[in-house]
Structure formats: C-alpha cells, structure tokens
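>>> okay, predicted coordinates and the sequence, questions at the end:
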Amino acid sequence: MGLTHQSCGAGANKESLKGSTTKKADYVIALAGNPNTGKSTVFNALTGLNQHTGNWPGKTVLRAEGKYINQGYVYNLVDLPGTYSLLANSVEEQVARDYLCFGRPDATVIVVDATCLERNLNLVLQVLEITSKVVVCVNLIDEARRKNITVNTEALEKILGVPVVATAARDRIGLNELINAISNVANDRLVTNPYVVRYTEQIEAAISKIEPIIKELVGEKLNSRWLALRLLDKDQTIITKLEELYPQRDSLVTKVGGELWA
Ligand SMILES: Nc1nc2c(ncn2[C@@H]2O[C@H](COP(=O)(O)OP(=O)(O)OP(=O)(O)O)[C@@H](O)[C@H]2O)c(=O)[nH]1
Ligand SMILES: [Mg+2]
C-alpha cells in the first residue's frame, strides 16, 4: 500500500496521538533535511520524551513522531528520513516526498547544515516547490562560527521568502525562535512568499499546458505546478498516486499524458 493522505496525512497524525495525550494535535509539522544535519537533535530538543516510533505504512523506513506544546497548542512533529533530494530515487526520498506533497503538514521545517549551505539549499528549493509553508532551520551554527563561516540569515530569508532561523540544536540555542517561526507559519500569521525556480522556456511552456488540467483534477489541495513537473519527468510513482487518489477521474491523468507524450 502506498502513502495515502489517510495513512500519512495530517489527519492520520492527529488521530495517532489519540490515547497518548489528553488533546489531539492542533498542528502537524514535518522535519526534513539532508542526512546528518541535526534533524533528530532538533526533534529530541523540541519533543523531549513525548515521542514514539514505528514504520511508515508499507515501508521499512523508521517513522518518529513526537509532540510539544506551544502557547496551549499541541504540535505533532514528524521526523522525515534524511534525503539529499526529493526525486524518489530511494524509498527514503519517496517517503519524504510523498509526505510533504500528500500528507500536507501545517508547516515543514528544513534543517540545513550551516557549514555547507550551498549543498543543502538544493533540498530547500525542492521542498519550496512542493509547499510554501516552510521554515528553514540553519543548524550547526556553532560549527560554522568555529570555521569562520558567517550565515546572513536575513539575506537568506529575503531570497527564499520564508523564515530562516539559526540554531545550535545540541546546545538548545535558537529553539525558541524556531518554535515561534513554526507557529507563525503553521497558523498562517505569517504568509510566506517562496522563491520559485524557473525552468527553460520549453519546460515552462509544457508546464503552462498541463498545469490547468492537473488543477482541474486536484483543485487547491495539492501543488499542481509541482505535479506538472513530476509528470513532465514521467514519474510513474506520481501517476500511480494520482490514479489512486482520484480513481473516478483517471481520464484526466490520461489527458495529461496525452498532452505530454502523444
Ligand atoms: N556542533 C553541533 N553538533 C550538532 C548540532 N546539532 C546536531 N549535532 C550533532 O550532529 C550529529 C548528527 O545529528 P543528528 O541529529 O543525528 O542528525 P540527523 O539529521 O538526524 O541525521 P540522520 O537522521 O542520520 O539524517 C550528532 O552527532 C549531533 O550531536 C549543533 O547544533 N551543533
Ligand atoms: Mg535523524
């Protein structure tokens, strides 16, 4: 079975907290990032002992969830597998990608390594293509300082169009700012303006052709530009997913295919 919205969506997270807390989760927050950037350290620092682990449905990939409370609201944090990209080249990438697209968390925190930002920003741009509700957590800022690397978080925030918070999670530095940024994005107090990657004229023309067809299928629920890019890539996992989610409308998926690959 794939990761359906029911099995991996925000609703599922809210449900899964039943019995483990007196209150259901108000917000579901995904934690993404390259391997070894400190995701689990952030996760542990925010959730403490309020966490449990299991597997992603149908996969042998570990799923850790935990909760914390901020200003009376319960936040359920989902620690996604560390990935360098979201192209679904591995089961970890597929889990992370499907969760971000179909799970529709209320916000996504991308943990990046301050000592090698350039490599990490690749994933940030990929996540921004899927969701606008993002907070970038520039972790290991202490390591960066040791290496005389300065990260201009304000400039980064302007360019990316989403909040950027510097942290040294192991020492719990910057976590309050992170919690505030998450809250602002999750409850729409802060509306982000994410950087949009523009492709070649040819690709943009193909996107304009098929995006309206996809939008007709998914409405505002899923990101139609991102789905258009995936279909341009002939991504079979996404085609299967759309057919699974919209079985009664699969003719539209065929229509997109007809436009693209005729
Ligand atoms: N100096 C420093 N070390 C950190 C910080 N955050 C995490 N670490 C260390 O970095 C290493 C990796 O941290 P993890 O939290 O396991 O990273 P991760 O992203 O969960 O790693 P994967 O799950 O393997 O992808 C550990 O040794 C942490 O103690 C930080 O802010 N500063
Ligand atoms: Mg980890």
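Received the coordinates, thanks. Ligands and ions are numbered 1, 2, ... in the order given.
>>> got any ranges where the chain has weak pLDDT?
For the chain, the stretches with pLDDT under 70 are 1-23, 248-254, 257-262.
>>> what's the single longest helix in the chain?
Across the chain, the longest stretch assigned as helix under DSSP state H is helix 201-218.
>>> do any residues in stretch 170-189 lie close to ligand 1?
Yes: Stretch 170-189 lies within reach of ligand 1 by Cβ under 6 Å from any ligand atom, at Arg170. In this view, the C-beta of every residue, glycine as well, is placed from N, C-alpha and C.
>>> pop out the phi and psi values for Val74.
phi -90, psi 120 (degrees, to the nearest 10).
>>> report the separation between it and Asn36.
29 Å (Cβ to Cβ, to the nearest Å).
>>> who has more neighbours, these two?
In terms of neighbours (other Cβ atoms under 10 Å), Val74 is the more surrounded of Val74 and Asn36; the figures are 19 against 11.
>>> partners of the more buried one in the sheet?
Val74 forms beta bridges with Ile69, as assigned by DSSP bridges.
>>> and it, how far from Thr131?
For Val74 relative to Thr131 (Cβ to Cβ), the value is 21 Å.
>>> element containing the closest residue to ligand 2 within the stretch 101-250 of the chain, please.
Going by Cβ to the ion, ligand 2 is nearest to Val111 of the stretch 101-250 of the chain, at 9.4 Å. Element membership for Val111 (DSSP states H and E) is strand 107-113.
>>> chain center to that strand, what's the gap?
8 Å (Cα atoms, centre = their mean, to the nearest Å).
>>> got the contact list for that strand?
27, 29-34, 36-39, 42, 100, 119-121, 123-124, 127, 131, 133-140, 169, 178, 182, 185-186 (Cβ atoms under 8 Å, 6 or more residues apart in numbering).
>>> tell me how many other residues surround the spatially closest residue to Val42 that is not a sequence neighbour.
Closest residue to Val42 apart from its sequence neighbours, by Cβ to Cβ, 6 or more residues apart in numbering: Ala169 at 4.6 Å. Residues contacting Ala169 under the criterion other Cβ under 10 Å number 25.
>>> can you check Gly219 too?
There are 9 residues near Gly219, going by other Cβ under 10 Å.
>>> returning to that earlier point: okay, now the residue of the stretch 101-250 of the chain closest to ligand 2: neighbour count?
30.
>>> beta partners for it?
Gly33, Cys137.
>>> now do it against Glu65, distance only.
On the measure of Cβ to Cβ, Val111 and Glu65 end up 16 Å apart.
>>> same thing with Gly38?
Distance of Gly38 to Glu65, computed by Cβ to Cβ: 18 Å.
>>> which residues touch the residue nearest to Val42?
Counting by Cβ under 8 Å, 6+ apart, Ala169 has contacts 38, 41-42, 45, 111, 137, 139, 175.
>>> how deep is Ala166 tucked in, by neighbour count?
21.
>>> quick thing: my sequence starts at 343, can you match it?
In the new count, where the first residue is 343, that last one comes out as Ala508.
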